[in-house]
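Student: Based on what follows, work out the 3D shape:
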Amino acid sequence: MRKVGIVCAFNPGNTGMFSVDLAASRVFDAWNIEHTLINFQKRRWRLPLKYQVSRTPNKLAQYSHLLFWGDFQNNPVYGTRDFANREVKFGYARTATEGVANWIGLHLELSSVLPKTTVVASIGNCFLGSREAATRHNLSASLATFADTATRILPRESQSGAELVEAAGGSPRSNISTGLDPAFLLDPQKREDFRESKYFGYCFARSKVQDVAEGLDAISKATGLTAIEVPWSVGKRRISQKKIFSGALEAFAQCRFIVSDVYHLTVNAINHGIPVIVLSRRQEMTQSSVDDQKKSALTDQIGASGLHVMLADDASFVTQVPAVIEAYEALMDGQTSFDEITEGLMSQKMRYRSAIKEILCA
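Tutor: Numbering: from 1, shown residues only. Sure thing, here's the model as predicted:
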């Protein structure tokens, strides 16, 4: 009997992770597949009832399929920082070293303690930075074990897939193929042509963007559009993420375009048919799950590199307004075809859904 456990990187203060987990529920409900959302760490605050804390082999063995759903869960960048630190914080480990060992057992070598019939797969994870982190923490062998034993791995960007292969020893593997961020699996709302809107949206929360007010004023003057702030949270635990996400969808529908430095806001807005000009700092390598490289990897993956603007070293928004206006005008005159971006994205989503269904049939 098929019983699916979906391992989520639940974050109570993050609207983006809310959208990723929501996509899991929506997709599997639509497919009429029994599933349980799993979190490996019991927090000091109450988990929503839809999540089950499971981390022992006995509990996890009840599932025919275990899917690591989104974020950086199988990436040493996450395991050696976010997960290990929370293991100590929540009492699962005495030291960060123990926390890393727990992450390895749960995220890379889980297949070794489960029935051989259990399907373990990774769906929409990011592996940027995995090569350097695996080398630094002597995790290359464990990462190679994961790459060899997982039924299927669908990294969310081509760059992620290439880096995972290198981090795991360099040998190509037939079980690794490119997917997407799981939030792209949410069904988009129908809306009118974004070009008719009199507003542009904004939200800055990740890249320490400077001179925001002056930059917004300059864009308003150049475009004749009124700026509206798009609600989004990257760390406010006491606010309902469901309400914030609903408010964000309402704001998307009012915008001709959005300018932001937030990865998952960009994913969700584009998925709902709104162009986002995404800002990021210049970075050579991903060292944490909140670093900026993932935004350029995203735009490359969906054919929207013309919508990516790199900030200067001082992170000034004002100095990059000309680049933002140039990207906006390219959208308006068709040099950057948003229709082509969304059509290409639709094709990628269809392949992604098919790949996930193949995993569920394994």
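Student: low-confidence ranges in the protein?
Tutor: 44-49 (pLDDT under 70).
Student: Remind me what the longest helix seen in the chain packs against, helices and strands.
Tutor: The residue-count maximum for a helix in the chain (DSSP state H) belongs to helix 338-361. With contacts taken as 3 or more Cβ pairs under 8 Å, 6 or more residues apart in numbering; DSSP states H and E, helix 338-361 sits against strand 65-71, strand 119-125, strand 152-154, helix 263-271. (Glycine included, C-beta is placed from N, CA and C.)
Student: Report the backbone C-alpha coordinates of the next helix or strand after the longest one in CSV.
Tutor: Read it as helix 263-271. Using DSSP states H and E, the next helix or strand after helix 263-271 towards the C-terminus is strand 276-280. The C-alpha coordinates for strand 276-280 follow below in CSV (Å, rounded to 0.1, in the frame of the first residue of the first chain):
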residue,chain,number,x,y,z
VAL,A,276,9.7,40.3,-11.0
ILE,A,277,12.9,42.2,-11.5
VAL,A,278,15.0,40.5,-8.8
LEU,A,279,18.0,42.1,-7.1
SER,A,280,21.0,40.2,-5.7
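Student: Can you give me the domain boundaries for the chain?
Tutor: Listed by automatic domain parsing, the domain ranges of the chain are 4-185+346-361, 194-344.
Student: Let me see the ranges of the strands in the protein.
Tutor: Taking DSSP state E, the strands of the chain run over residues 4-8, 35-39, 51-53, 65-71, 119-125, 152-154, 199-203, 226-229, 255-260, 276-280, 308-310.
Student: what's the span of stretch 52-63, first residue to last?
Tutor: 13 Å (Cα to Cα, to the nearest Å).
Student: quick one: the helices in the stretch 51-200 of the chain?
Tutor: 57-60, 76-78, 84-89, 96-103, 130-136, 140-149, 158-167 (DSSP state H, counting those that start in this stretch).
Student: D291: which of these is closest?
Tutor: Comparison of the helices of the stretch 51-200 of the chain against D291 by Cβ to Cβ identifies helix 76-78 as nearest, at 8.4 Å.
Student: which residue packs closest to V100, ignoring adjacent ones?
Tutor: Once flanking residues are discounted, V100 sits nearest to A84: 4.7 Å by Cβ to Cβ, 6 or more residues apart in numbering.
Student: same deal with I239?
Tutor: According to Cβ to Cβ, 6+ apart, the nearest residue to I239 is S233 (6.1 Å).
Student: What distance do you get for that neighbour to D21?
Tutor: 14 Å (Cβ to Cβ, to the nearest Å).
Student: more crowded one of these two?
Tutor: Taking other Cβ atoms under 10 Å, S233 and D21 do not tie; D21 has more neighbours (27 against 24).
Student: Against V165, how distant is the closest residue to the more buried one other than its chain neighbours?
Tutor: Nearest in space to D21, with sequence neighbours left out and distances taken as Cβ to Cβ, 6+ apart, is C8 at 4.9 Å. Distance, C8 to V165, by Cβ to Cβ: 25 Å.
Student: Between those two, tell me which one has more neighbours.
Tutor: C8 (24 against 20).
Student: who does that one bridge with?
Tutor: Per DSSP bridges, the residues bridged to C8 are W69.
Student: JSON lines for the helices and strands packed on helix 338-361, including mean neighbour count?
Tutor: Putting the helices and strands packed on helix 338-361 into JSON lines (neighbours: other Cβ atoms under 10 Å) gives the following:
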{"stretch": "strand 65-71", "mean neighbour count": "26"}
{"stretch": "strand 119-125", "mean neighbour count": "25"}
{"stretch": "strand 152-154", "mean neighbour count": "24"}
{"stretch": "helix 263-271", "mean neighbour count": "26"}
